[in-house]
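[1] test case, fold it:
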Amino acid sequence: MEGLFDPATRRVGVHAPLTPTIFHEDWWLQAASGGRIEQVEVRSGNVVVGRLPYLRRRHFGLLECVMPELTPYLGPAIAPPLAKPAQMAQSQRSITADLIRQLPTCDRFHQCLHSDVPDALAFAYRDFASEAQFTMDVEPAPEPELWKSLRDKTRNVIRRARETHRLVSLEPGSFVRLYDRNLHAQGRGYNYMWRQTGVPVMQAAVEHGQCRIDAIADLQGRVVAASVCVWDMSREYLLLTTRDPGSHAGCVSWLIWESLARASRANRVFDFGGIGTPGSVAFYTSFGATVRTRFAVHRTSRLFRTVDFGARKARAAWERARRHLLPDCARTTILSPAAEPAAVVVPAARPINTLALPVS
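    Numbers count the residues shown, from 1 in each chain. Below is the predicted model:
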């Protein structure tokens, strides 16, 4: 069955093998990388049967090949020929090996593999380290069942948040500025990680109808919390959340519930996009989520490890000094959506720089 899966059987719909996630879409990669994305390909005749995108960048003069910002999963996208399961698994590893051989020599390679990659053997055979990483997800179900699966405390804080707040929506620019303000309010400093690509990638996803930015406003109209969710054919991902530390504790729970219910109505699995802390596990479990395993692969030179360690130590020292010196007046209030900045225009996508290798 093509398209969304049948609600009666709850079978996830079919996606194109070479775009297994929204993060493999060309428009996403172009926006998230500022047009600098590259990829290697494997072809069978004139047909592409495998692709592996990556972003080439410099870190203190050393070359990295990594995922773009705001891209939690990537990895090889494989379209192997139809065969028996054992032969298909071997074909996937063979195509992945051909992709790896084409990667440029670099001081560091790192990617978190998407859920369709069953193992990291092809990387392990070529001296990449692999490790298990975890996320949590919720399978689609009728909304009354989902609500019942929430913990009592979670349902209660959502009810209380609804009594004194209302649900609104934000533009990408407002979300980024709100996120920055909340970081300052928590004394955590400037958002240096995805400042340049945050608005373009969210704007591109909105334009493709695969992103929603929900927010919570209090009775005075002040926005206190927001979340960004993106989706593809089979999964919806919780990409980002932010909350004013002085706001109601149930605001983020309410936002997640709205996203979870929306994903289920569209017959998509809701993916929390990774686990950061033990507290995250407890929080996501309160929504009935189940732990899932993903693989991360990396290979790092000794020189890079030495330089990166020094840079991290220096950054940590700077953050401690900044928090100590930051005056209270710099901890500003939350931005209202009325102060929305000018729209950011996403540049037209350029062709991805591609290296191709035929199947032997």
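[2] drop to CA atoms for contacts and neighbour counts, all remaining ones
    OK.
[3] so where is the chain shaky, pLDDT-wise?
    For the chain, applying pLDDT under 70 flags the ranges 1-15, 82-83, 188-195, 323, 325-360.
[4] how is it partitioned into domains?
    Domain assignment for the chain by automatic domain parsing gives 22-135+295-307+350-358, 137-292+332-339.
[5] pretty sure Q210 contacts D232?
    Yes - in this structure, Q210 is within contact of D232 by CA atoms under 8 Å, at 6.8 Å.
[6] ok so, going back, and of the domains of the chain, who's closest to H324?
    Closest approach to H324 among those (CA to CA): domain 137-292+332-339, 9.2 Å.
[7] please give the number of neighbouring residues around A161.
    20 (other CA atoms under 10 Å).
[8] gap between the closest residue to L121 other than its chain neighbours and A77?
    Spatial nearest neighbour of L121, excluding adjacent residues (CA to CA, 6 or more residues apart in numbering): R93 at 7.4 Å. Using CA to CA, to the nearest Å, R93 is found at 11 Å from A77.
[9] these two: who's more crowded?
    Neighbour count, other CA under 10 Å: between R93 and A77, A77 has more, with 26 against 21.
[10] residue contacts, that one?
    By CA atoms under 8 Å, 6 or more residues apart in numbering, the contact list for A77 reads P17, L18, T19, P20, H24, G50, R51, L52.
[11] can you do 7 Å?
    By CA atoms under 7 Å, 6 or more residues apart in numbering, A77 lies in contact with P17, L18, T19, P20, G50, R51, L52.
[12] hey, what's it bridged with?
    Counting by DSSP bridges, A77 is bridged to R51.
[13] and it, how far is that from Q210?
    20 Å.
[14] check D116 too.
    Plainly put, D116 is 20 Å away from Q210 if you go by CA to CA.
[15] same thing with L99?
    From L99 to Q210 the distance is 29 Å (CA to CA).
[16] the more surrounded of the two?
    Ranked by neighbour count (other CA under 10 Å), L99 and Q210 place L99 first, with 23 against 17.
[17] is it true that that one touches V40?
    Yes - judged on CA atoms under 7 Å, L99 makes contact with V40 at a distance of 6.1 Å.
[18] between these two, which contacts overlap?
    In contact with both L99 and V40: R51, L52, using CA under 7 Å, 6+ apart.
[19] let me have the contacts of A77 in TSV, extended by neighbour count and distance to F270.
    Formatted as TSV, the contacts of A77 follow (neighbours: other CA atoms under 10 Å; distance: CA to CA, whole Å):
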residue	neighbour count	distance to F270
P17	14	20
L18	17	21
T19	18	18
P20	24	16
G50	25	27
R51	26	26
L52	23	25
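[20] got these as CSV, with distance to E319 columns?
    Listed next are these as CSV, based on distance: CA to CA, whole Å:
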residue, distance to E319
P17, 43
L18, 41
T19, 39
P20, 38
G50, 42
R51, 39
L52, 35
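[21] quick one: secondary structure of S94?
    Put simply, S94 is helix when judged by DSSP: H, G, I helix; E, B strand; the rest coil.
[22] ok, now R292?
    At R292 the chain is in strand, as set by three-state DSSP.
[23] leaving out chain neighbours, which residue sits closest to G250?
    V157 (4.7 Å).
[24] neighbours around the one you found, how many?
    17.
[25] so it makes contact with C251?
    No - the pair V157 and C251 fails to qualify as a contact (CA under 7 Å) at a distance of 8.1 Å.
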